[in-house]
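1. Here is a sequence together with a model predicted from it:
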Amino acid sequence: MKLIGIEIVEDRSADSRCDEGFLKLRRLTLRNVYADRVSEAYPCDVVSRPGSDAVVAVLYERAPDGRVFVWLREAPRAPIYLRRWKRFHHPDAREYLTIAEVVAGLVEATDGEGAAGMRERAAIEAREEAGFAVSAGDFAVIGGETFASPGTSDEKVYYCAGQVRVSERSAAHGDGTVMEEHGELVRLELVEALEACRRGSIPDMKTELALMRLCDHLGYLPQLGCFVEELPEPLRARHRRLGVAARA
């Protein structure tokens, strides 16, 4: 089944309340409070998704020859595709019918708290979106959380990495929504995926960040195409991992 486009069937914007739908919009008037005064009031819109937070599951495999491969999910992203009907200061001729991203999913109310809850959600998304049976204990939290777009959204993204084996992969059933029904898995060498992010072929910010964190987690130096342990001793001694332990 080849996807060739996305059509707008109905635009309900004019008749829909801002607290309806999957995304909720709070249209606020705020003011800053200082020790000796308050600022003038100013408008601020805040966009929220259910649960707000999301977990990224960076799925990777180690080939016998030492190379690292990552598994990304390529799927339609309607908001990006619909840019084609807007005017931008810097025109972009690309279609963006689908884009590749790291596997990710929203945190749900039944998920556990802290690092254990992040690993549980990563394992669920790995099975649901990619068909890989990876236990929660096989995932590692790779660094602290980030905000996706702090000027407009309160969504926070957490990052986990898990090693997978192709032999243990089964069919991915997705989340059952039409939006996700066309998703396909893409297997790329780690350096190839990073280069695709840098040149804009994979124009997803969380994916590039997640892949760079994976490099740090594995001690892999993408510009050199080698691991830290392959460096001469003087350079190994100078290497510093940027990863930090996640809060429990």
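-> Yep, it's here. Residues are numbered from 1 along each chain as shown.

2. Which residues does the longest helix that the chain contains contact?
-> The longest helix of the chain (DSSP state H) is helix 205-218. Under the contact criterion C-beta atoms under 8 Å, 6 or more residues apart in numbering, helix 205-218 has outside partners 56, 58, 60, 68, 70, 72, 100-102, 104, 140, 142-143, 146, 148, 157, 159, 161, 190, 193-194, 197-198, 202, 220-222, 227, 241-243. Yep, even glycine has a C-beta here, placed from its N, CA and C like the rest.

3. can you check stretch 134-147 too?
-> In contact with stretch 134-147 (C-beta under 8 Å, 6+ apart) are residues 53, 57-59, 115-116, 118-120, 122-123, 126-127, 153-164, 206, 209-210, 213-214, 216-217, 242-247.

4. Out of those, which end up buried?
-> Of the members of those, the ones counted as buried by neighbours, 16 or more other C-beta atoms under 10 Å, are 53, 57-59, 115, 118-120, 122-123, 126-127, 153, 155-164, 206, 209-210, 213-214, 216-217, 246.

5. returning to that earlier point: convert the C-alpha atoms of the longest helix of the chain to PDB, please.
-> Extracted in PDB, the C-alpha atoms of helix 205-218 (Å, rounded to 0.1, in the frame of the first residue of the first chain):
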ATOM      1  CA  MET A 205      15.500  17.200  16.200                       C
ATOM      2  CA  LYS A 206      14.800  14.600  18.900                       C
ATOM      3  CA  THR A 207      16.200  11.900  16.500                       C
ATOM      4  CA  GLU A 208      19.500  13.700  16.000                       C
ATOM      5  CA  LEU A 209      19.900  14.300  19.700                       C
ATOM      6  CA  ALA A 210      19.000  10.700  20.500                       C
ATOM      7  CA  LEU A 211      21.500   9.300  18.100                       C
ATOM      8  CA  MET A 212      24.300  11.600  19.400                       C
ATOM      9  CA  ARG A 213      23.400  10.400  23.000                       C
ATOM     10  CA  LEU A 214      23.600   6.800  21.800                       C
ATOM     11  CA  CYS A 215      27.100   7.500  20.500                       C
ATOM     12  CA  ASP A 216      28.100   8.800  23.900                       C
ATOM     13  CA  HIS A 217      26.400   5.900  25.600                       C
ATOM     14  CA  LEU A 218      28.300   3.300  23.500                       C
END
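
6. going on from that helix, what's the next piece of helix or strand?
-> Next helix or strand after helix 205-218 toward the C-terminus (DSSP states H and E): strand 220-221.

7. Sheet partners, orientation included, of that following strand?
-> strand 226-227 (antiparallel) (DSSP bridges).

8. pLDDT below threshold where in this structure?
-> In the predicted model, the chain carries pLDDT under 70 at residues 174-176, 180, 243-248.

9. Mind jotting down where the helices sit in it?
-> Assigned by DSSP H, the helices in the chain fall at 78-81, 114-125, 190-198, 205-218, 233-238.

10. show me the contacts for Gly225.
-> With C-beta under 8 Å, 6+ apart, Gly225 has these contacts: Val191.

11. Could you report the distance from it to Gly200?
-> Distance, Gly225 to Gly200, using C-beta to C-beta, to the nearest Å: 22 Å.

12. Please report how far the residue nearest the centre of the chain lies from Arg238.
-> Centroid-nearest residue in the chain, with C-alpha atoms, centre = their mean: Lys206, separated by 4.4 Å. Remark: distance between Lys206 and Arg238 (C-beta to C-beta) = 29 Å.
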